[in-house]
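*Asks:* Sequence unavailable; structure follows:
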Ligand SMILES: NC(=O)C1=CN([C@@H]2O[C@H](COP(=O)(O)OP(=O)(O)OC[C@H]3O[C@@H](n4cnc5c(N)ncnc54)[C@H](O)[C@@H]3O)[C@@H](O)[C@H]2O)C=CC1
Ligand SMILES: O=C(O)CCC(=O)C(=O)O
């Protein structure tokens, strides 16, 4: 019997009858089954249906690491990969048909795009920032979003250390000069970094990692953060941003893109800085007001700057795309001395990308196969023990719903005739997620349960795994 009108179309077109490979009537199969019991392989995870893994389609954009593709293919999923981001129209077409999408920082998954994603179960950000995804809208349609919490932090911190020394010694300019035939051996306004003060705005994973590296170079570290965070080494937390700006020789930003961090460094903050200070931004392009920075650099108030991120960034690698059409101050910025520009490569190392590929692909697979939302950035974090092979008639219900009164009663009334083995529910703002394992459920009852749950008022999405 085919289920129609499924809210969560991972289950669209998928029969609730057992797949051929699950029919176990032959003597050999019976022997294997009994052997499994004798060998206690019942602790192995049960492969949950209704989908067979081959039904699951994964779309990977922006050169997501091969390690992710390998994991998805090991699961038996279909994987389609692209090196760059897709145009909006193309993305809308592609997203209609996939159950999971993996992106990095370029692909904007807005409500406009996501409303076409009728089969989508989960989004994987193979990066740290999630500002490119409308995570609240995703939650409102029952789509989980995962990211890598810290696997490229070290890479970003190392890039910033390189930039601090490069700016202090004007290495970028000397290199460009030699590339164009000019020998210009100077020491004027070139400095050691030892004994200088680094001001870190945002003392999270990257900021704190950078703090340790900077101290090992003999720098003093000050940091500013909206929350009180334990200092590492001899770093000191400043109670205001201005206090940090007044004292730091190098100011570096490691905050997320939020309304509060937009233009966090602009004209008033630049004027609060020490004369001859340096500015670094490898967080998000919205954080530093580059138009204002141009003014203070021309006045030699700021002695140099390094940017890895920009308000607008090209979707794909290509020559000639970093220009005034992208950001109207580009030609002015590139004409200034001691400015280091990199194409959003803070997290782009082999090590970071491989780990992120593994990590996020595992989270996505676990969510697809078992419903585990631990580490999701937009859904309540729910997990139940993996169903074991011997739990043949056990069914797992994954019910994402509006966080309104009376839902548990409604759901439990529907399940009243079954034995509830385990139940876990949690909420996050307007959204709640309920995971229930019930036993002794026949194939026909699964269909009835699905239909009943699907008709409840609070339902956002329902999946039944068995
Ligand atoms: N250039 C690149 O390739 C990469 C850039 N990033 C960017 O760096 C950002 C930071 O990354 P993590 O350190 O991993 O994040 P995190 O979440 O570990 O740390 C961010 C810190 O900023 C603080 N913060 C938030 N709002 C603030 C405000 N208004 N004022 C002061 N502090 C504030 C938070 O309390 C937190 O301690 C990411 O959100 C991402 O946008 C991350 C990885 C790679
Ligand atoms: O590697 C990328 O494409 C994005 C890196 C980044 O900005 C992040 O992890 O937030």
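*Replies:* Sure thing, it's come through. Just so we're clear, the structure is a prediction, and the values are computed from it rather than from any experiment. Ligands and ions are numbered 1, 2, ... in the order given.
*Asks:* where's whichever strand or helix holds residue 361 relative to the chain centroid, distance-wise?
*Replies:* According to DSSP states H and E, residue 361 maps onto helix 350-370. For helix 350-370, the distance from its own C-alpha centre to the chain's C-alpha centre is 11 Å (CA atoms, centre = their mean, to the nearest Å).
*Asks:* Mind listing what's buried along stretch 309-324?
*Replies:* Within stretch 309-324, the residues scored as buried using 16 or more other CB atoms under 10 Å are 309, 310, 311, 313, 314, 315, 322. Backbone N, C-alpha and C define where each C-beta goes, glycine included.
*Asks:* ok, back up a step: so after the helix holding residue 361, what's the next helix or strand?
*Replies:* Downstream of helix 350-370, the first helix or strand assigned by DSSP H and E is strand 395-402.
*Asks:* neighbouring contacts of stretch 310-318?
*Replies:* 83-85, 87, 105-106, 285-286, 290, 321-322, 326-327, 343-344 (CB atoms under 8 Å, 6 or more residues apart in numbering).
*Asks:* Give me the subset of those that also touch ligand 2.
*Replies:* Restricting the contacts of stretch 310-318 to those within reach of ligand 2 (CB under 6 Å from any ligand atom) leaves residue 105.
*Asks:* Now the two most distant members of the contacts of stretch 310-318.
*Replies:* Taking CB to CB as the measure, the contacts of stretch 310-318 span a maximum distance of 28.1 Å, between 83 and 290.
*Asks:* neighbour count winner among those two?
*Replies:* residue 290 (23 against 11; other CB atoms under 10 Å).
*Asks:* And that one, how far from ligand 1?
*Replies:* The spacing between residue 290 and ligand 1, counted by CB to the nearest ligand atom, to the nearest Å, is 15 Å.
*Asks:* thinking that residue is in contact with residue 326, fair?
*Replies:* No: counting by CB atoms under 8 Å, residue 290 stays clear of residue 326, with 11.8 Å between them.
*Asks:* pLDDT value on the nearest residue to residue 56 once chain neighbours are set aside, please?
*Replies:* Nearest in space to residue 56, with sequence neighbours left out and distances taken as CB to CB, 6 or more residues apart in numbering, is residue 77 at 4.3 Å. Residue-level confidence at residue 77 comes out at 96, pLDDT.
*Asks:* Likewise for the one 10 residues further on?
*Replies:* Here, the pLDDT recorded for residue 87 equals 95.
*Asks:* Tell me how many other residues surround it.
*Replies:* If we define neighbours as other CB under 10 Å, then residue 87 has 11 of them.
*Asks:* do the same with the one 10 residues further on
*Replies:* For residue 97, the number of neighbouring residues by other CB under 10 Å comes to 15.
*Asks:* ok, now how distant is it from ligand 1?
*Replies:* Distance of residue 97 to ligand 1, given as CB to the nearest ligand atom: 30 Å.
*Asks:* So that residue, which state does it fall into?
*Replies:* When classified by DSSP: H, G, I helix; E, B strand; the rest coil, residue 97 comes out as coil.
*Asks:* I'd say it and residue 57 touch.
*Replies:* Yes: with contacts counted by CB under 8 Å, residue 97 reaches residue 57, the gap being 6.2 Å.
*Asks:* which neighbours do these two share?
*Replies:* Shared contacts of residue 97 and residue 57, defined by CB under 8 Å, 6+ apart, are found at residue 119.
*Asks:* Between the two ends of stretch 53-73, how far is it?
*Replies:* The first residue of stretch 53-73 is 9 Å away from its last residue (CA to CA, to the nearest Å).
*Asks:* What average pLDDT does it get?
*Replies:* In this model, stretch 53-73 has a mean pLDDT of 95.
*Asks:* Could you list the residues of the protein in contact with ligand 1?
*Replies:* Residues of the chain found near ligand 1 (CB under 6 Å from any ligand atom) are 128-129, 150, 152-153, 156, 201-207, 224-227, 254-258, 260-261, 282-284, 308-309, 344, 346-347.
*Asks:* List only those of the residues you listed flagged as buried.
*Replies:* The neighbour-count test (16+ other CB under 10 Å) marks 128-129, 150, 152-153, 156, 201-207, 224-225, 254-257, 261, 282-284, 308-309, 344, 346-347 as buried among the residues of the chain next to ligand 1.
*Asks:* Return the subset of those lying in strands.
*Replies:* Those of those mapping onto strands are 201, 224, per DSSP state E.
*Asks:* between the buried residues of stretch 309-324, which is nearest residue 184?
*Replies:* Using CB to CB, the buried residues of stretch 309-324 come closest to residue 184 at residue 322, 25.2 Å.
*Asks:* For the residue lying closest to the closest one once chain neighbours are set aside, which residues are in contact?
*Replies:* Spatial nearest neighbour of residue 322, chain neighbours left out: residue 330 (6.3 Å); criterion: CB to CB, 6+ apart. Counting by CB under 8 Å, 6+ apart, residue 330 touches 322, 323, 324.
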